[in-house]
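Undergrad: Just need the structure, nothing else, for what follows:
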Amino acid sequence: MWRSASLILEQQEQNKANGLSRMEETGDVIQRPPTSVTSDWLAQAKAAVPNANLDDVPSKYHAPPPDALSFSVIDEFNNWRSNPELAEAVAAIKALTAVIKRSQATTMMELEIELKKASDSLKAWDETSISLSAGCDLFTRYVTRTSALEYEDFSAGKSRLIERGERFGEISFKARKTIAMLGQDFLQDGSTILVHGFSRVVLALLRMAASNGKHFSVVCTEGRPDNRGIEMSKELVGVGVPIKLILDSAVAYTMEKIDMVLFGADGVVESGGIINMIGTYQVALVAHNMNKPVYVAAESYKFARLYPLDQRDMSPVPCKNIKFEVPVPKSVEVESSARDYTPPQYLTLLFTDLGVLTPSAVSDELIQLYL
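TA: Below is the predicted model of the structure:
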């Protein structure tokens with residue numbers, strides 16, 4: 001099965017080398033991304049972030065010396081996750097690379113099975129995390145994507161897997177800087193930007209734009225029930241731009257003064273829509289109705305093979321610690337969904353480390369990433 005899938009992939013890559021891809025013909029990609037997660041992607045990441053060293057992951061978070069008997073992929077994952085600047089999916093990628101390094105397997109098939117078990121363990125650790133699941137799937141797909149591994153010496157093949165795993169982790173670690181570099185050009189001087197909830201990649205984009213001399217102001221929703229918008233506003237104070245905090249229910253009231261909306265995303269799905277914190281959908285609806293552009297900043301390791309048809313067609317994720325100012329009668333049902341789905345027709349562009357994409361181009365990218 002593995003060899004067959006890999007040979008198909010190699011044939012697809014050869015076909016693409018001989019002609020234009022479907023996205024180039026249709027013009028769906030604003031800035032042409034690489035056709036697959038290869039060394040070309042690494043080159044793009046380096047080019048998009050001047051003077052960036054893709055080896056500068058903080059050394060204090062490097063894995064301890066190998067000890068196969070005591071090794072736990074979950075413990076390794078939590079070790080990397082202790083870095084607040086490291087996304088959950090990137091921590092998973094680092095942990096899976098460590099699995100390959102410490103593996104006692106003697107054949108490529110054994111190693112592949114071990115890697116899959118570790119990936120499944122990480123995905124089971126938090127079944128509600130879209131980026132964690134997508135990151136594990138993409139990593140496994142990327143490091144085992146060629147049939148050549150089956151024909152070379154096992155030690156050489158294992159070294160090749162480790163090299164690919166480290167490269168994938170480096171690229172993913174730099175994704176936010178790449179996105180910030182690409183997205184900042186869409187922020188106009190004097191503009192007012194509405195953000196909803198807390199997003200590290202949105203924060204990185206706004207920081208880079210401000211550091212490069214862009215003048216803009218930011219309106220943050222409060223982001224109930226966990227007040228993530230208030231957290232975002234605190235972080236933005238250090239950016240040195242004017243900040244206004246509004247009630248979630250004041251989005252429509254405020255929208256006429258907004259020039260653009262900028263979201264992060266928990267996940268980007270096959271339709272080109274996004275799954276994000278609750279309230280994202282209604283903000284996008286208001287913006288679309290008032291002809292305001294809606295941009296999404298999201299790392300490619302959040303691209304997931306999901307196709308929700310409506311708000312209920314997702315795994316339920318309840319909000320925690322919903323508090324009201326007055327007691328709520330026990331007979332009253334409280335809606336506790338923590339996230340919602342925003343269809344692609346309400347989004348303008350997605351800023352990703354694969355390039356700046358229209359929502360319709362996302363499905364093409366998913367095909368390239370996963371097949």
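Undergrad: can you map out the helices along the stretch 151-300 of the chain?
TA: 154-173, 175-183, 200-211, 228-237, 251-255, 280-289 (DSSP state H, counting those that start in this stretch).
Undergrad: Pull out the buried positions in the longest one.
TA: Right, helix 154-173. Residues 157-158, 160-162, 164-173 are the ones in helix 154-173 that count as buried (16 or more other C-beta atoms under 10 Å). To be clear about C-beta, it is placed using only N, CA and C from the backbone, and glycine gets the same treatment.
Undergrad: same thing with the third one?
TA: Buried positions in helix 200-211, judged by neighbour count with 16+ other C-beta under 10 Å: R200, V201, V202, L203, A204, L205, L206, R207, M208, A209, A210.
Undergrad: again with the shortest one
TA: Buried residues in helix 251-255, defined by neighbour count with 16+ other C-beta under 10 Å: V251, T254, M255.
Undergrad: Packing partners of whichever helix or strand D137 is part of?
TA: Per DSSP states H and E, D137 falls inside helix 130-143. Here helix 130-143 touches helix 88-102, helix 108-125, helix 154-173, strand 267-268, helix 362-370, going by 3 or more C-beta pairs under 8 Å, 6 or more residues apart in numbering; DSSP states H and E.
Undergrad: List the residues that contact A105.
TA: By C-beta atoms under 8 Å, 6 or more residues apart in numbering, A105 lies in contact with L111, I113, E114.
Undergrad: nearest to F324, of those?
TA: Lowest distance from F324 to the contacts of A105 (C-beta to C-beta) belongs to E114, with 48.4 Å.
Undergrad: And the pLDDT for the closest one?
TA: The per-residue pLDDT reported for E114 equals 88.
Undergrad: so it makes contact with K101?
TA: No - between E114 and K101 no contact is recorded; they are 11.6 Å apart, counting by C-beta atoms under 8 Å.
Undergrad: now, the most widely separated pair of the buried residues of helix 154-173?
TA: Checking the buried residues of helix 154-173 with C-beta to C-beta, the most distant pair is G157 and F173, at 24.7 Å.
Undergrad: show me where pLDDT drops low in the stretch 151-300 of the chain?
TA: For the stretch 151-300 of the chain, applying pLDDT under 70 flags the ranges 151-152.
Undergrad: And I162, how far from A156?
TA: 11 Å (C-beta to C-beta, to the nearest Å).
Undergrad: no, scratch that, I was asking about M181
TA: M181 is 36 Å from A156, by C-beta to C-beta.
Undergrad: got it, and K123?
TA: Taking C-beta to C-beta, one finds K123 at 29 Å from A156.
Undergrad: go on, K244?
TA: For K244, the distance to A156 - C-beta to C-beta - is 58 Å.
Undergrad: Repeat that for A210.
TA: Distance from A210 to A156, by C-beta to C-beta: 47 Å.
Undergrad: One more: A98?
TA: Distance of A98 to A156, given as C-beta to C-beta: 20 Å.
Undergrad: Kindly reformat the helices of the stretch 151-300 of the chain as CSV containing distance to R339.
TA: Below are the helices of the stretch 151-300 of the chain laid out as CSV (distance: least, C-beta to C-beta, whole Å):
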stretch, distance to R339
helix 154-173, 22
helix 175-183, 21
helix 200-211, 16
helix 228-237, 12
helix 251-255, 17
helix 280-289, 8
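Undergrad: G355: which of the ones you listed is closest?
TA: helix 175-183 (7.2 Å).
Undergrad: How far does that closest one sit from its chain's centre?
TA: 12 Å (C-alpha atoms, centre = their mean, to the nearest Å).
Undergrad: CA atoms only for it - export them in PDB, please.
TA: Taking C-alpha atoms only, helix 175-183 is exported to PDB below (Å, rounded to 0.1, in the frame of the first residue of the first chain):
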ATOM      1  CA  ALA A 175       5.200  29.700   9.400                       C
ATOM      2  CA  ARG A 176       4.000  32.700  11.400                       C
ATOM      3  CA  LYS A 177       6.900  34.900  10.200                       C
ATOM      4  CA  THR A 178       6.200  33.900   6.600                       C
ATOM      5  CA  ILE A 179       2.500  34.700   7.000                       C
ATOM      6  CA  ALA A 180       3.300  38.000   8.700                       C
ATOM      7  CA  MET A 181       5.600  39.000   5.800                       C
ATOM      8  CA  LEU A 182       3.100  38.100   3.200                       C
ATOM      9  CA  GLY A 183       0.000  39.600   4.900                       C
END
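Undergrad: and that helix with helix 88-102, angle?
TA: Per axes from the mean of the first three to the mean of the last three C-alpha atoms, to 10 degrees, the angle that helix 175-183 makes with helix 88-102 is 140 degrees.
Undergrad: Summarise which helices and strands helix 175-183 is packed against.
TA: Partner elements for helix 175-183 (3+ C-beta pairs under 8 Å, 6+ apart): helix 39-48, helix 200-211, strand 294-297, strand 349-352, strand 355-357.
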